[in-house]
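In: Build me a structure from this.
(chains A and B)
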Amino acid sequence: MQLFLEQLTNGLAVGGIYALIALGYTMVYGVLKLINFAHGDLFTIGAYLGLTLLLSLGLTDHLGPLAGIAVLAAMVMGLVAVIGALLERVAYRPLRTSPRLSAVVSALGASIFFQNAVMLLYGARFRVFPHDLLPTTAITLFGVNIPVMRIILFATSLLLMAGLYAFVQKTRTGMAIRAAAIDQGAAKLMGIDVNRVIMYVFLIGPALGGVAGLMVGLYYGQINFTMGWVYGLKAFTAAILGGIGNIPGAMLGGLLLGVIEAMGATYISMAWKDAISFLVLILILIFRPTGILGERVADKV
Amino acid sequence: MRKKWLFSLLIGLLLFPMMLCQAQAQVKIGLMAPLTGSWASEGQAMKQVVDLLAEEVNKAGGVLGQPVEIYVEDDGGDPRQASLAAQRLSTRGIAAVIGTYGSSITEASQNIYDEAKIVQVATGSTAIRLSEKGLKYFFRTSPRDDEQGLVAANTLKSMGFQKVAILHDNTTYAKGLADEAQTLLQADNVDVVFFDALTPGERDYSTILSKLRSAGPDVVLFTGYYPEAGLLMRQKKAMGWDVPFLGGDATNNPDLVSIAGKDAAVGFMFLSPPVPQDLDSPEATSFMAAYRAKYQSDPASVWAVLAGDAFKVIVAAVQDLGSTDSDKIAEYLRTGLKDFQGLTGPIAFDGKGDRVGELYRVYRVDGEGNFVMQP
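Out: Just a heads-up that it's a prediction; the model follows:
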């Protein structure tokens, strides 16, 4: 039982990160029907920018650890959002009216570009965040030892997701995003500036991906230029699992994938962990082709 | 008109480097290394070491009165890319090729070099079967996994551990080593309480550590690579579990300590061929001085230094033979080369092309994050 609870917390912590990244995939898919393969690399860029800003500005020395990291997170979100918007301008907008495959190829190209740019700028060796930044205390809940940072990490993910959900459901811009997701042409006729909506999507998704990169860097301490690949793939899976195009679906899919992985590794086989997660994905897609909460059928790619 | 102009420009661009190559007779040596991909740091260090040594040789007048030229191809740490790289290199008229790091990557290129009759000296590929195929032109400066498995089992036994957990990462290399160690340990009635694999490239290994802990081992033998080893040490400390770890030779990389943090890495033990910093032979000391002067740091890992050894034996063979003929080089490396002083100690090859001699040492990470060779 203790092992079960311990693995549940492990799974949820990883799943929280998957969910944050999955939101970027699902928002872009919802509005553009495009899988933004460069999203995992925006996550990497978030981690590296966070490291650079942390080391060069010394925010945590001036403001104390928590306030410093909060400011840092805001800066990373802003910067990665700008990169995301630029990505859309350069790589996706010119292809908006082209066949969908061209945009996917462009996304793959952007991913390779970002990955290698990061490698050339920062080098191929692993980069490491300072070790003494975060508190290492742990608390004991139901006989399970949980590091406090894990809880903060998970709470931050939930908070960001809740914020996004409120934004999309309650604000006028959010309503415009939902409208554009349903039918771009009709949204245009209703006076919604679709280009602007798409820009918002490419500001919000990358910002969340970037801050997830920062969180991974801060907590796990180690980053390298290929880290976005594994996280990107898992988050993409999470988005599909929950129903791509659906925001609560991405959150649910991310958390679920984290827990499935942890449980599969514990009770079946660690080496088969990924095979088990993908098997669950296949089973869910057989019985619910649109994912758990999905409504529309993903017809291409 | 414009097209014609562009076309002739392109032809010119193609011909120009060709003419440059023709201008001077050279001893050409290939280097196949993972310059990109997840082992890029290893590959770039390999290139740094080989570049440095080639520069030194050329300053001293070259080989047979000709300068040495290094032809580098990126294998990306990927078998498919490696076979392309091998095909490209084998058309460049090279005398021999150095590389590469991963065993499965080397394997993809072996037959291509063999058919092209090019001597290949692998540097980090320790999988047993690579030299069991009877390939005439294949050599390696790294040791073999069966030797390492034996050293691992003996080390664990001599330390008196009774319940051993073995963790690998499903790569050819790590699984081979884990299997070897498991067989040897079980033959000696040591209890292997856990045997499973993690997925490399992830960040969170708490799930695996929780499961490992519930198996209750005295010691964990991890046969994978340093990025995962560093994370395991760090997360093991965060969950307050105090168990000794012994790593295989792929954990020998200073980045292990920076990833884990000094206080989490302390006590980590690993097996490895000795790094040049720990050897006091004149070859090792002068190489370290030159490397530090050029790159302002120590080599990233021992595997890059083994690429340097590969370069040195190739150059020595060409120099002594007065020829770049592949058959002669292969014959010479097998039979003529005895107690050649390399950067990692004396080098000689057996009939299969494997390096002979006891190479492995046990290292331990001290409180300052240094790797200390155990007596």
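
In: quick one: strands adjacent to the helix or strand that contains B:Leu271?
Out: Assigned by DSSP states H and E, B:Leu271 belongs to strand B:269-272. Using DSSP bridges, the strands paired with strand B:269-272 are strand B:245-247 (parallel), strand B:361-365 (antiparallel).

In: ok, and for it, which residues are buried?
Out: If you call a residue buried by 16 or more other Cβ atoms under 10 Å in any protein chain shown, then strand B:269-272 has these buried ones: B:269-272. Heads up, the C-betas are built off the backbone N, CA and C, glycines and all.

In: ditto for stretch B:107-118
Out: Within stretch B:107-118, the residues that count as buried by 16+ other Cβ under 10 Å are B:107-110, B:112-114, B:116, B:118.

In: and what of stretch B:292-299?
Out: B:Pro299.

In: thinking again about what came up before, who's in contact with the strand holding B:Leu271?
Out: B:148, B:151-152, B:155, B:229, B:244-249, B:251-252, B:302, B:360-365, B:371, B:374 (Cβ atoms under 8 Å, 6 or more residues apart in numbering or on different chains).

In: Next up, phi/psi of residue 193, please.
Out: Here I'm looking at chain A. Dihedral pair for A:Asp193: phi -80, psi 100, per degrees, to the nearest 10.

In: ah, I was thinking of chain B
Out: Dihedral angles (degrees, to the nearest 10) for B:Val193: phi -90, psi -10.

In: Could you tell me how far B:Glu55 is located from A:Leu101?
Out: To A:Leu101, B:Glu55 is 48 Å away according to Cβ to Cβ, to the nearest Å.

In: Check what pLDDT whichever residue of chain B sits closest to chain A gets.
Out: Closest to chain A within chain B is B:Ala40: 3.3 Å, counting by Cβ to the nearest Cβ. Each residue has a pLDDT score; the one for B:Ala40 is 87.

In: tell me the contacts of it?
Out: For B:Ala40, the contact set (Cβ under 8 Å, 6+ apart) comprises A:119, A:124, A:225, B:34, B:77.

In: Now B:Gly194, what are its backbone angles?
Out: One thing to correct before we go on: residue B:194 is Phe, not Gly. Main-chain dihedrals, B:Phe194, degrees, to the nearest 10: phi -160, psi 130.

In: Out of the strands paired with strand B:269-272, which one sits most buried?
Out: Ranked by mean neighbour count, the strands paired with strand B:269-272 are led by strand B:245-247 with a mean of 25 (mean count of other Cβ atoms under 10 Å in any protein chain shown).

In: coming back round to it: more neighbours: B:Glu55 and A:Leu101, which one.
Out: B:Glu55 (14 against 11; other Cβ atoms under 10 Å in any protein chain shown).

In: For the one helix or strand the more buried one maps to, list the C-alpha coordinates in PDB.
Out: Using DSSP H and E, B:Glu55 sits in helix B:40-59. Extracted C-alpha coordinates of helix B:40-59, given in PDB (Å, rounded to 0.1, in the frame of the first residue of the first chain):
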ATOM      1  CA  ALA B  40      27.300  14.600 -28.800                       C
ATOM      2  CA  SER B  41      29.500  15.600 -25.900                       C
ATOM      3  CA  GLU B  42      31.400  12.400 -26.300                       C
ATOM      4  CA  GLY B  43      31.800  12.800 -30.000                       C
ATOM      5  CA  GLN B  44      33.000  16.400 -29.800                       C
ATOM      6  CA  ALA B  45      35.500  15.500 -27.200                       C
ATOM      7  CA  MET B  46      36.700  12.600 -29.400                       C
ATOM      8  CA  LYS B  47      37.200  15.200 -32.200                       C
ATOM      9  CA  GLN B  48      39.100  17.600 -29.900                       C
ATOM     10  CA  VAL B  49      41.500  14.900 -28.700                       C
ATOM     11  CA  VAL B  50      42.200  13.600 -32.300                       C
ATOM     12  CA  ASP B  51      42.600  17.200 -33.600                       C
ATOM     13  CA  LEU B  52      45.100  18.000 -30.900                       C
ATOM     14  CA  LEU B  53      47.100  14.900 -31.500                       C
ATOM     15  CA  ALA B  54      47.100  15.400 -35.300                       C
ATOM     16  CA  GLU B  55      48.200  18.900 -34.800                       C
ATOM     17  CA  GLU B  56      51.100  17.700 -32.700                       C
ATOM     18  CA  VAL B  57      52.100  15.100 -35.300                       C
ATOM     19  CA  ASN B  58      52.000  17.600 -38.100                       C
ATOM     20  CA  LYS B  59      54.100  20.100 -36.100                       C
END
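
In: Heading C-terminal from it, find the next helix or strand.
Out: Counting by DSSP H and E, what follows helix B:40-59 is strand B:68-74.

In: Paired strands for that next one, with orientation please.
Out: Strand B:68-74 has the following strand partners under DSSP bridges: strand B:27-33 (parallel).

In: OK, now which residue of chain A is nearest to chain B?
Out: Per Cβ to the nearest Cβ, A:Ala124 is where chain A lies closest to chain B, at 3.3 Å.

In: what number of residues lie near that residue?
Out: Applying other Cβ under 10 Å, we find 23 other residues in the vicinity of A:Ala124.

In: do the same with the one 4 residues further on
Out: A:Val128 has 19 neighbouring residues, counting by other Cβ under 10 Å.

In: swap in B:Ile347?
Out: 25.

In: Torsion angles phi and psi at it?
Out: Backbone phi and psi, for B:Ile347 under degrees, to the nearest 10, turn out to be phi -120, psi 130.
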